[in-house]
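Visitor: Predicted coordinates and the sequence they were generated for:
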Amino acid sequence: MNPLLEYLNNSIKPLKSSQSLKEAEELFYELSYSHFPVTENNIYIGVINRESAEIGSAETIISDKRYDFDRFYVRTNMNWLDVLEVFAKNETNLVPVLDEKNQYAGYYELEDVIRFLHETPFLKENGGILVVKKEANAFSMSQIAQIVESNNGKLLGLFVSKTDGHFVEITLKISQTGLNEIIQTFRRYEYEIISEHQEDSYLKNLKDRSDYLDKYLNI
């Protein structure tokens, strides 16, 4: 189960396209959301932003503003890095969540995702960052974990950070114990070592993005 789903929110139902724009404006007035999901016949069709809800006559309905809708969303099975990227790219504090059947499942709030982010071992725990590269059909997550653990290391997190043709790059965060031995073992298993720093630039960028979202949250 995706641990981020613990923060899936359904406390407020999505706006319906048939509702009045006035109702959307009142929702934004009461809450601090930058965007809010809209459904039509129980199908997610996009998000209306605060600015669009404030412009229109009393007779205007939400569907009249559909040309202004943004269409971003995340999936229930997406990892927190991908979810964080959607928040950052769209400068929003709310993201709709759809399941694998494209059904609306709820929404994530930025504040909750930031809280989750700061509690992940990938940022919270001390360790070294290692990026390795191998042919896509020649690596396995279980093998990577075995290499780390067989050298008395502790795997704090990993994800596929880049795909390039037939190759993939995997970013790992590992406890400092046995890091040199781990690197040598990866080489014996024909993994290319892309980087081997204690504080990889990707992690720095991730922390910078987290700081940016913290500031955005407080605007």
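Guide: It's in.
Visitor: Need the residue closest to the centroid of this protein.
Guide: Nearest to the mean C-alpha position of the chain, by CA atoms, centre = their mean, lies residue 83 at 1.6 Å.
Visitor: Next up, the contacts around it.
Guide: 4, 74, 95, 108, 113 (CB atoms under 8 Å, 6 or more residues apart in numbering). C-betas here are computed from N, CA, C, even on glycine.
Visitor: cool, residue 130 as well?
Guide: By CB under 8 Å, 6+ apart, the residues touching residue 130 are 171-174, 179, 182-183, 186, 193, 195-196.
Visitor: So which of those are in helices?
Guide: Secondary structure of those is defined by DSSP state H; positions in helices are 179, 182-183, 186.
Visitor: if we can go back for a sec, top of the contacts of residue 83 by neighbour count?
Guide: residue 108 (25 neighbours; other CB atoms under 10 Å).
Visitor: Quickly list what that one is bridged to.
Guide: On DSSP bridges, the residues paired with residue 108 through beta bridges are residue 95.
Visitor: right, and it touches residue 6 too?
Guide: No: using CB atoms under 8 Å, residue 108 is not in contact with residue 6; the gap is 10.6 Å.
Visitor: What is the longest strand seen in the chain packed up against?
Guide: Taking DSSP state E as the criterion, the chain has its longest strand at strand 155-164. If contacts are counted by 3 or more CB pairs under 8 Å, 6 or more residues apart in numbering; DSSP states H and E, strand 155-164 sits against helix 121-124, helix 141-150, strand 167-174.
Visitor: Thanks a lot, catch you later.
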